[in-house]
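K.L.:
Dropping the sequence and predicted coords here.
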Amino acid sequence: MALTIYGLHAYPNDFAVTKVGASLEDCVFLLDFSRPLERLRWFGTVNKIIGPTIALLVPVVHHAEQMGGYVISVRRSEPYFVDIPKLWKKHFGSKRGLVSSPAGGIQIAADFGRHFPENC
């Protein structure tokens, strides 16, 4: 399924994301603007240096984590491919406003698998 991004009016630097069509209330991952966006390029082989961008590696963070460690891929053919770099340009380095009570590592990994099954 395609990436879905929800903007949060009360938290202008937080955007909830999912790839399973979950409602906003069920989204537990946010775009992680504290880490850089990475580009996968094609120039005879996949690399990160030269050639046209074919995919983005987008950092995400669980709403219960202080620092994220997960990354999702967004291919050139997917919606939001052109919008994500614009969001990073505008919000990179911004602090998150939404942090809930801590969750265990198993719960976070399970939530990642549920919301981004193709990235597991």
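P.N.:
That came through fine.
K.L.:
which residues touch I106?
P.N.:
Applying C-beta atoms under 8 Å, 6 or more residues apart in numbering to I106 gives no contacts. For every residue, glycine as well, the C-beta is placed using N, CA and C.
K.L.:
again, but for E118
P.N.:
K19, S73.
K.L.:
for it, helix, strand, or coil?
P.N.:
Recorded secondary structure, E118: helix (DSSP: H, G, I helix; E, B strand; the rest coil).
K.L.:
repeat for K86
P.N.:
Per three-state DSSP, K86 ends up helix.
K.L.:
distance from the centroid: which residue in this protein tops it?
P.N.:
G44 (27.0 Å; C-alpha atoms, centre = their mean).
K.L.:
roughly how far apart are I5 and T18?
P.N.:
According to C-beta to C-beta, to the nearest Å, I5 and T18 sit 9 Å apart.
K.L.:
And the helices in this protein?
P.N.:
Per DSSP state H, the chain carries helices over the ranges 83-91, 105-115.
K.L.:
for this structure, longest strand please?
P.N.:
For the chain, the strand that runs over the most residues, judged by DSSP state E, is strand 53-62.
K.L.:
Quick one: residues contacting P102.
P.N.:
A64, E65.
K.L.:
Give me the local confidence score for it.
P.N.:
Looking at P102, its pLDDT is 76.
K.L.:
try I84
P.N.:
97.
K.L.:
same thing with the one 3 residues further on?
P.N.:
With respect to pLDDT, L87 scores 97.
K.L.:
same thing with the one 3 residues further on?
P.N.:
According to the predicted model, the pLDDT of K90 comes to 96.
K.L.:
before we move on, the earlier item: counting by contacts, list what the longest strand of the chain packs against.
P.N.:
Where contact means 3 or more C-beta pairs under 8 Å, 6 or more residues apart in numbering; DSSP states H and E, strand 53-62 is packed against strand 29-31, strand 38-42, strand 70-75, helix 83-91, helix 105-115.
K.L.:
what about these, which gets the closest to H63?
P.N.:
strand 29-31 (6.0 Å; C-beta to C-beta).
K.L.:
Adjacent strands (with direction) for the closest one?
P.N.:
strand 11-18 (antiparallel), strand 53-62 (antiparallel) (DSSP bridges).
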